[in-house]
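> Here you go, sequence then predicted model.
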Amino acid sequence: MHTLDAAFVHVPRWTGGRREIMVLPLGVPAMANLLADEGRKVEILHLGVERELDASFSAHAWLQARSPKLVLLSLHWHPQTRAVIECAERVRAWLPDAKVVLGGLTATVFAREAMEALACLDGVVRGDGEEPVRTLAAAVVEGRADWSHVPNLVWRCGREVRDNGHSWALDASTAGRLRHADLKLLSHARAYVDRALYADFSEGASGSQGYAGTAYVNAGRGCHADCVSCGGASEGQRVTSLRSGILLYPLDKLAIDVRDAVDQGAKSLRMSFDPPPAREHIRRWFERIRASGHRLKLLYDFWYLPGSRLLDEMQRTFAPGSVAILSPECGSEQVRYRIRGMPFSNERLMRAIREAEQRGLAVHCFFSAGLPTETRADVDETARLIERIRKETGAAISVCPMQIDPASPMFLHPERYGVRLVRRTLGDFYDFKGIAGGPGYETDHFDEAGVMEACNRLLAVAGLPPIVAGN
């Protein structure tokens with residue numbers, strides 16, 4: 001007997017003592033809520049949270065007790081490729097009558113390969129999933145075997161793999177109905193919020209322990225620039241999501257997201273959507289947050305250097321200890337202008353750090369090494385910039401290899417950037433081809449091992465421990 005119409009399953013990557021990809025893609029609760037709003041019986045299962053709460057937790061027993069007709073797994077971030085595929089294979093064995101479907105950025109890029117290689121799958125949703133998942137769920141619940149009307153779907157019909165074409169992208173009216181921060185359908189939602197889910201800063205750096213009680217919310221989708229390693233860059237958005245430019249969520253919807261986050265125990269917000277054309281909208285959102293009386297901490301990923309108006313709004317709206325996260329990547333301005341869609345000079349970077357600190361914000365700067373066209377002399381420039389930041393400001397430093405995303409400009413056009421890809425296919429990501437934790441590419445000046453060595457040199461300059469092989 002089916003007790004669920006659909007189950008969304010999030011599969012983190014656990015290797016040894018490391019627990020990665022613990023944050024749900026923002027689209028998962030939004031799509032689950034969308035189905036529930038239409039009367040579907042839906043739950044979200046986070047395998048990582050469940051296993052932390054109960055070491056004997058059985059996903060098999062959980063799924064069998066609910067017998068969902070449709071199981072949706074997110075393969076968004078490429079490091080979770082093996083874990084997600086292995087879970088899909090187990091779900092197929094446990095629930096032979098259920099439909100098993102993947103979605104997310106990595107699944108989108110490799111949709112055809114996944115369907116041809118993985119007999120456990122019934123389909124892959126490409127790009128924005130809200131309307132495809134809604135339409136697919138209706139077909140599955142109603143017992144219809146013909147899915148040819150489901151947009152963005154690559155699916156299995158008998159022994160044939162069919163492609164319905166990529167035709168749907170999120171529109172403003174649908175966006176206004178989405179609730180990204182409402183986790184009521186997630187099993188053990190409070191434990192999820194209370195846990196420090198995302199610790200992306202270098203070990204030993206300020207904030208490296210992660211931030212417990214954090215909700216992840218954004219003001220929109222899309223980008224107008226092309227940073228070379230980012231799968232969400234402008235070109236990647238066109239390839240994976242049919243999106244040109246940016247889509248801003250309505251302010252009323254954003255206010256509801258913050259309210260939902262607070263209701264579920266969040267004390268901090270993490271925002272990772274900052275195209276400069278969206279900043280006026282984001283400032284208005286901050287005004288709404290301030291008017292609501294919520295006094296939260298903010299962790300904000302700046303895609304470009306902050307201006308004084310946005311910094312002023314952050315200071316007025318959010319609690320002390322909020323963090324401005326900047327990504328200069330390197331010390332060479334020439335390299336930065338080649339790899340960042342929105343570059344800036346070192347002097348402007350230093351000025352931005354000081355302006356943020358003057359407003360009581362903590363600042364965290366990300367660097368890397370072995371970047372496209374970068375030489376060892378360029379890495380020396382990065383070392384000098386790190387030393388200057390440490391001497392003249394209180395900003396924290398993180399250093400890590402710049403892993404390239406599927407659909408990023410470097411992935412789509414490696415020859416344009418003078419790199420050789422180590423991981424090209426879904427199978428390569430499944431096998432962790434190359435050095436574990438490595439960038440996934442080589443240049444004329446650095447192989448993967450050389451990139452890791454250069455990053456460790458910069459970590460030493462920053463007074464931080466080295467990256468251990470496999471981490």
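Thanks, I have the structure now.
> What is the neighbour count of R18?
11 (other Cβ atoms under 10 Å). (Glycine included, C-beta is placed from N, CA and C.)
> I'd like the next helix or strand past the worst-scoring helix or strand of the chain on mean pLDDT.
Lowest mean confidence among the helices and strands of the chain (mean pLDDT, DSSP states H and E): strand 18-20, at a mean of 80. Going down the chain from strand 18-20, the next helix or strand is helix 27-37, by DSSP states H and E.
> List of residues touching that following helix?
5-6, 8, 10, 42-44, 72, 74, 103, 128-130, 133-134, 137, 177-186 (Cβ atoms under 8 Å, 6 or more residues apart in numbering).
> Narrow these to those that are buried.
Among the contacts of helix 27-37, those buried by neighbour count (16 or more other Cβ atoms under 10 Å) are 5-6, 8, 10, 42-44, 72, 74, 103, 128-130, 133-134, 137, 178-183, 185-186.
> Let's see which of those end up in helices.
E130, V133, R134, A137 (DSSP state H).
> and the third one, how far is that from P151?
When you say that, I think you mean R134. 10 Å (Cβ to Cβ, to the nearest Å).
> again with the last one
Relative to P151, A137 is positioned 13 Å away (criterion: Cβ to Cβ).
> May I see the buried residues of stretch 367-383?
So, applying 16+ other Cβ under 10 Å, buried residues of stretch 367-383: 367-375, 378-379, 381-383.
> What of stretch 221-241?
Neighbour count says stretch 221-241 has 221-237, 239-241 buried, by 16+ other Cβ under 10 Å.
> repeat for stretch 415-432
Result for stretch 415-432 [16+ other Cβ under 10 Å]: buried residues Y417, G418, V419, L421, V422, R423, L426, D428, F429, Y430, F432.
> OK, contacts around the first one?
Right, the one you point to is Y417. Taking Cβ under 8 Å, 6+ apart, we find Y417 in contact with V228, R338, I339, P372, T373, P409, M410.
> Identify the residue spatially nearest to the fourth one, adjacent ones excluded.
When you say that, I think you mean P372. Of all residues not flanking P372 in the chain, Y417 sits nearest, at 4.1 Å (Cβ to Cβ, 6 or more residues apart in numbering).
> now do the second one
If the residues on either side of it in the chain are set aside, R338 comes closest to T373, at 5.8 Å by Cβ to Cβ, 6+ apart.
> dump the residue contacts of the one you found.
Per Cβ under 8 Å, 6+ apart, neighbours of T373: V335, R338, I339, Y417, G418, T443.
> now, which of the residues you listed sits nearest L197?
I339 (28.2 Å; Cβ to Cβ).
> quick one: contacts of the longest helix that the chain contains?
Ranked by residue count and defined by DSSP H, the top helix of the chain is helix 376-392. Applying Cβ under 8 Å, 6+ apart, the contact partners of helix 376-392 are 328, 330-332, 334-335, 346, 350, 353-354, 365, 367, 369-371, 395, 397, 399, 445, 454, 457-458, 461-463.
> Distance to S173, pLDDT and secondary structure for the contacts of Y417 - can I get that in JSON lines?
Listed next are these as JSON lines, based on distance: Cβ to Cβ, whole Å; pLDDT from 0 to 100; DSSP: H, G, I helix; E, B strand; the rest coil:
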{"residue": "V228", "distance to S173": "34", "pLDDT": "97", "secondary structure": "coil"}
{"residue": "R338", "distance to S173": "39", "pLDDT": "97", "secondary structure": "helix"}
{"residue": "I339", "distance to S173": "36", "pLDDT": "97", "secondary structure": "helix"}
{"residue": "P372", "distance to S173": "40", "pLDDT": "98", "secondary structure": "coil"}
{"residue": "T373", "distance to S173": "43", "pLDDT": "97", "secondary structure": "coil"}
{"residue": "P409", "distance to S173": "31", "pLDDT": "98", "secondary structure": "helix"}
{"residue": "M410", "distance to S173": "35", "pLDDT": "98", "secondary structure": "helix"}
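> Switch those over to a markdown table; also include distance to L361.
Shown next, in a markdown table, are these (distance: Cβ to Cβ, whole Å):
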| residue | distance to L361 |
| --- | --- |
| V228 | 28 |
| R338 | 29 |
| I339 | 26 |
| P372 | 31 |
| T373 | 32 |
| P409 | 30 |
| M410 | 31 |
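> ok, which pair from those is furthest apart?
Checking the contacts of Y417 with Cβ to Cβ, the most distant pair is T373 and P409, at 13.5 Å.
> ok so, going back, closest one to A98 out of the buried residues of stretch 367-383, please.
S368 (41.7 Å).
> Which residue is the nearest non-sequential neighbour of the closest one?
M402 (4.2 Å).
> do you know how far A436 is from I467?
Distance from A436 to I467, by Cβ to Cβ: 10 Å.
> Is it correct that L47 is in contact with R13?
No - look at L47 against R13 with Cβ atoms under 8 Å: they stay out of range, at 10.6 Å.
> quick one on the thing from earlier: more crowded one of A436 and I467?
Between A436 and I467, counted using other Cβ under 10 Å, the more crowded position is I467 (19 against 13).
> Quick one: residues contacting the more buried one.
C400, P401, G437, M452, C455, N456, L459.
> between the residues you listed, which is nearest W94?
G437 (31.6 Å).
> Read off the pLDDT value for that closest one.
pLDDT, G437: 88.
> Can you classify it as helix, strand or coil?
With DSSP: H, G, I helix; E, B strand; the rest coil as the basis, G437 sits in coil.
> re the thing from before, what strands line up against the least confident helix or strand of the chain, and which way round?
strand 13-15 (antiparallel) (DSSP bridges).
> buried ones in the partner strand?
R13, W14.
> Could you give the average pLDDT over that strand?
83.
> Just the ones of the buried residues of stretch 221-241 in helices?
Counting by DSSP H, the buried residues of stretch 221-241 place S234, E235, G236, Q237, V239, T240, S241 in helices.
> tell me which of those residues is nearest to W285?
Q237 (21.3 Å).
> Find the nearest non-adjacent residue to that closest one, please.
Nearest to Q237 is R243, by Cβ to Cβ, 6+ apart, at 4.4 Å.
> And M350, by the same measure?
E392 (6.8 Å).
> Look up how far I353 lies from that neighbour.
Counting by Cβ to Cβ - E392 and I353 are separated by 8 Å.
> Equivalent analysis for L170, please.
Taking Cβ to Cβ, one finds L170 at 35 Å from I353.
> Am I right that I21 is in contact with Q80?
Yes - assessed by Cβ under 8 Å, I21 is found in contact with Q80 at 4.5 Å.
> Which residues are in contact with each of the two?
V11, P12, R13.
> for the last one, what are its contacts?
With contact taken as Cβ under 8 Å, 6+ apart, R13 is in contact with R19, E20, I21, P79, Q80, R82, A83.
> Also the second one?
Shown here is P12, whose contacts under the criterion Cβ under 8 Å, 6+ apart are R19, E20, I21, M22, H46, L47, G48, Q80, A83.
> Out of the residues you listed, grab the one that's most surrounded.
Ranking the contacts of P12 using other Cβ under 10 Å puts H46 first, with 27 neighbours.
> Can you read off the pLDDT for the closest residue to it other than its chain neighbours?
Excluding its sequence neighbours, the residue lying closest to H46 (Cβ to Cβ, 6+ apart) is H10, at 4.7 Å. pLDDT, H10: 98.
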